[in-house]
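Trainee: This is a predicted model, with the sequence first.
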Amino acid sequence: MSAVMQLWASLHPVVQMLVKGLAVIGVMFPFGGACSLIERKVSAWMQGRPGPNRAIPFWFAWIPVIGPFLQRLGVFHLLADGGKMFLKEDSLPGHVNKFYFLLAPVLAMIPALTTVTVVPFGAYLDDAGRLAPLVLANLDVGILAVFAVSSLGVYSLILAGWASNSKYPFLGGVRASAQLISYEISMTLSVLPVFLMINAPGGDGSLSLFRVVEFQSGTSGWHGTWFILTMPLAAVIFLVSLFAETNRLPFDMAECDADLVGGFHTEYGSMKWGLFFVAEYSHMLIGSGVFVLLFLGGWNPLPWVPLERVAGWLHLVDKPLLLGLLSIVIFMGKGLLFIFVFMWVRWTVPRFRYDQVMKLGWQKLLPLAIGNLIFYAILIAWLQPKF
C-alpha cells in the first residue's frame, strides 16, 4: 500500500486532478443510470407488476442462461435509455434564452460532482497503524463544504425555469428556491449537536466527517454509540430535510406534474433532461452517504464494533487494500439501503401540497431543530467533563 501511495504522490498535481475527475464522472454517471433502473424495479415491486423485463439485443437472446437472466433483470432497458439520451433529437425551443437554457443542466452537475470529493467512503490502516480515510479531498471543514456546494444546485433549477420563458418552468424554479431556503436551515441546525459532541472544549475544533466516524468507532460508552441512537430527533430532521433538498417525493414541488406539467424541466429533452436526473440521483447518493457518516457509524459494521476490531478478527490489519474494500462494502451497503428508502417513500407517500411543504418546514421542523440544538447543548455541557 505504501508503494501505491508513493506512486500517487509522485504524480503531477494536474494528473492527480484529472484522475480524480475522471473517477468521479466514471462512478456518478453510471450510478445515475443504474438508479433509474432500480427505481423502476422498486416501483414495479411496490405495485405488484413485473417492471422492465422485455428489451434484449437479438445476439443475447441466443445465450441460454445469461441472456434471459439479464433480460428479466432489465439491464438492456438501461442500455437502451442511455443510448436514447445520447442519440435522440436534441430540440431547442425557439422561445428560450438559449445560453442560460443550455447552461442550466451543466450547472446542475457541477455541485453533484464536486460534493462527492469531500465525502469519505471508506478507511484503511496506514503504516503507523492509524485509521486513515478513503476520500478524494480530506477537508477539515467537510460538512461545511458539503452544505456550501450542494446548496448551489438550486441555481440550476432557478436558471432552467427562468431561461425557459414559460410559466410552468418559471413557477417550478420559484418553488425550488423557496423549498431550499425552508429546509436548509433545519438541516444545518440538525447536525450541530453532532459536532458539539465530537469537539471537546479547549481542543482543536473540527467539522470533519472522518472525525464524526472516529467518535462512533469506540468499543463502549458514548464513544462507539451511533448518533442515531443518541440523537434520534436530529437524524429524523436531517432525513426529512434531505428529502426536501433533493426534490424527491413527497417534496417534488419544483417538478410537480399535477400542477406544473414537468416543472423546471418542462422544455428540456434528451441529454439535457438526463443531466438533471443524474444530478438528482447524485445528490441522493451524497446525502445518503453523509447521513451514514453522521448517524450510522460510517464504515463501522455495528455499534461498539469498529472496523479495527473486525480487521483483527479477519486478520486484515496488515492488508490495507482488503480492509479498504471491506470498509467500502459496508459503507455502500448502508448508503444503498437509504437509496431504497428514498424510492420506497416515493412510491408509497402521496405528494404534499405546496402549503403543507412550507408549513412543515417553517412551523414544524425549524422549531424542532432549534429545540433539539438547545437541549443537546445543555446536555453536552453537562456530560462533557465525564468523557
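Mentor: Structure received. Numbers count the residues shown, from 1 in each chain.
Trainee: going forward, measure contacts and count neighbours with C-alpha atoms only.
Mentor: OK.
Trainee: count of neighbours near the residue nearest to N199 when sequence neighbours are not counted?
Mentor: Spatial nearest neighbour of N199, excluding adjacent residues (C-alpha to C-alpha, 6 or more residues apart in numbering): G205 at 5.6 Å. Using other C-alpha atoms under 10 Å, G205 has 14 other residues around it.
Trainee: Isn't G205 up against R211?
Mentor: No - with contact defined as C-alpha atoms under 8 Å, G205 does not count as touching R211 (10.3 Å).
Trainee: Report the contact partners of the closest residue in space to L189 that isn't next to it in sequence.
Mentor: Leaving aside its chain neighbours, L189 sits nearest to A369 (5.8 Å; criterion: C-alpha to C-alpha, 6+ apart). Contacts for A369 (C-alpha atoms under 8 Å, 6 or more residues apart in numbering) come out as 186, 189-190, 234, 237.
Trainee: So A369 belongs to a helix, correct?
Mentor: Yes - assessed with DSSP: H, G, I helix; E, B strand; the rest coil, A369 lies in a helix.
Trainee: looking at it, M28 is touching E280, isn't it?
Mentor: No - taking contacts as C-alpha under 8 Å, M28 lies outside contact range of E280: 10.7 Å.
Trainee: list the contacts for P169?
Mentor: Counting by C-alpha under 8 Å, 6+ apart, P169 touches 160-162, 260, 262-267.
Trainee: Please, where are all the strands along the protein?
Mentor: Under the criterion DSSP state E, strands of the chain are mapped to 122-125, 131-134.
Trainee: now those strands as JSON lines including mean neighbour count?
Mentor: Converted to JSON lines, these look like this (neighbours: other C-alpha atoms under 10 Å):
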{"stretch": "strand 122-125", "mean neighbour count": "25"}
{"stretch": "strand 131-134", "mean neighbour count": "18"}
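Trainee: okay if I get those as JSON lines plus distance to Y155 and mean pLDDT?
Mentor: Compiled in JSON lines, the strands of the chain are given as follows (distance: least, C-alpha to C-alpha, whole Å; pLDDT from 0 to 100):
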{"stretch": "strand 122-125", "distance to Y155": "31", "mean pLDDT": "86"}
{"stretch": "strand 131-134", "distance to Y155": "30", "mean pLDDT": "86"}
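Trainee: Could you export the ones you listed as a markdown table, including distance to T219?
Mentor: Listed next are the strands of the chain as a markdown table, based on distance: least, C-alpha to C-alpha, whole Å:
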| stretch | distance to T219 |
| --- | --- |
| strand 122-125 | 17 |
| strand 131-134 | 15 |
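Trainee: Tally up the residues packed near L260, please.
Mentor: Other residues close to L260 by other C-alpha under 10 Å number 19.
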